[in-house]
Structure formats: C-alpha cells, structure tokens
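Peer 1: Sequence and predicted structure, then a few things I'm wondering about:
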Amino acid sequence: MHVCFSFLQGAALPEEYAAKCSAQQQHAMALLDLDGVYGAPRFHMARRRPVSSRTSARSHCTDGGRYPLLVRNRQGYQNLCRLISLTKLRVAKK
C-alpha cells in the first residue's frame with residue numbers, strides 16, 4: 001500500500017492502515033512508498049499483534065521501471081536505504 005507520504009500515490013496515514021489490518025485480521029502488510037520508507041516507522045509503531053510490518057519500497061531503476069523491494073532483516077533494510085540513496089543521486093535533475 002502507498003501512504004500519504006508518497007506524493008500523489010496514496011492518501012491514508014500509516015496508522016489508518018495499521019488499524020484496518022487489525023480490524024480485518026490481516027497478518028502482515030507492506031507499505032510500498034515510492035523511493036523511500038517514509039511511512040514504515042509510523043506503521044510499525046501503530047500496528048497491533050499479530051500484524052507484522054514488512055519494510056519495503058518501490059524504487060525507480062535505470063531502465064525506467066519501478067520495482068517493489070521487500071526487506072527480510074536489518075541487513076536488507078540497510079541495503080534498501082543505500083539503494084534508494086544511490087538511485088536518487090543518479091537521477092538527472094529537471
């Protein structure tokens with residue numbers, strides 16, 4: 001899901017998604033913010049057991065595509081943050 005921090009992509013707050021997951025008894029949800037993990041901390045703090053948060057992002061690539069990248073552990077989170085930083089540095093300024 002996209003949250004309101006992904007400009008023109010999503011409208012809801014991470015806390016609203018966490019409440020919806022609990023209400024619908026979903027076990028996990030991944031927030032796919034565009035080129036960032038903007039809503040992940042707030043979703044993680046707002047979720048209730050047994051809902052688990054999946055840190056993820058949708059990233060632009062050099063071929064023009066946007067790919068979902070999901071993280072499994074701390075090392076994956078670090079790699080995702082580095083990748084997002086590198087792609088933002090390589091994008092031509094308009």
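Peer 2: Yep, that arrived.

Peer 1: Only C-alpha atoms from now on, for both contacts and neighbour counts.
Peer 2: Fine.

Peer 1: Which strands or helices does the helix or strand containing Gln78 pack on?
Peer 2: Assigned by DSSP states H and E, Gln78 belongs to helix 74-90. The contact analysis (3 or more CA pairs under 8 Å, 6 or more residues apart in numbering; DSSP states H and E) places helix 74-90 against strand 52-60.

Peer 1: following the strand it packs on, which helix or strand comes up?
Peer 2: Scanning forward in sequence from strand 52-60 by DSSP H and E, the next helix or strand is strand 66-70.

Peer 1: Adjacent strands (with direction) for that next one?
Peer 2: Applying DSSP bridges, strand 66-70 is found paired with strand 52-60 (antiparallel).

Peer 1: can you tell me how far the nearest residue to Gly36 once chain neighbours are set aside sits from Met45?
Peer 2: Distance criterion CA to CA, 6 or more residues apart in numbering; nearest residue to Gly36, sequence neighbours excluded, is Ala57 at 5.8 Å. Between Ala57 and Met45 the computed distance is 18 Å (CA to CA, to the nearest Å).

Peer 1: Have a look at these two and say which one is more surrounded.
Peer 2: Ranked by neighbour count (other CA atoms under 10 Å), Ala57 and Met45 place Ala57 first, with 28 against 12.

Peer 1: who's in contact with that one?
Peer 2: Residues near Ala57 by CA atoms under 8 Å, 6 or more residues apart in numbering: 31-37, 68-70.

Peer 1: what pLDDT does it get?
Peer 2: In this model, Ala57 is scored at 84, pLDDT.

Peer 1: and what of Met1?
Peer 2: Predicted confidence (pLDDT) for Met1: 66.
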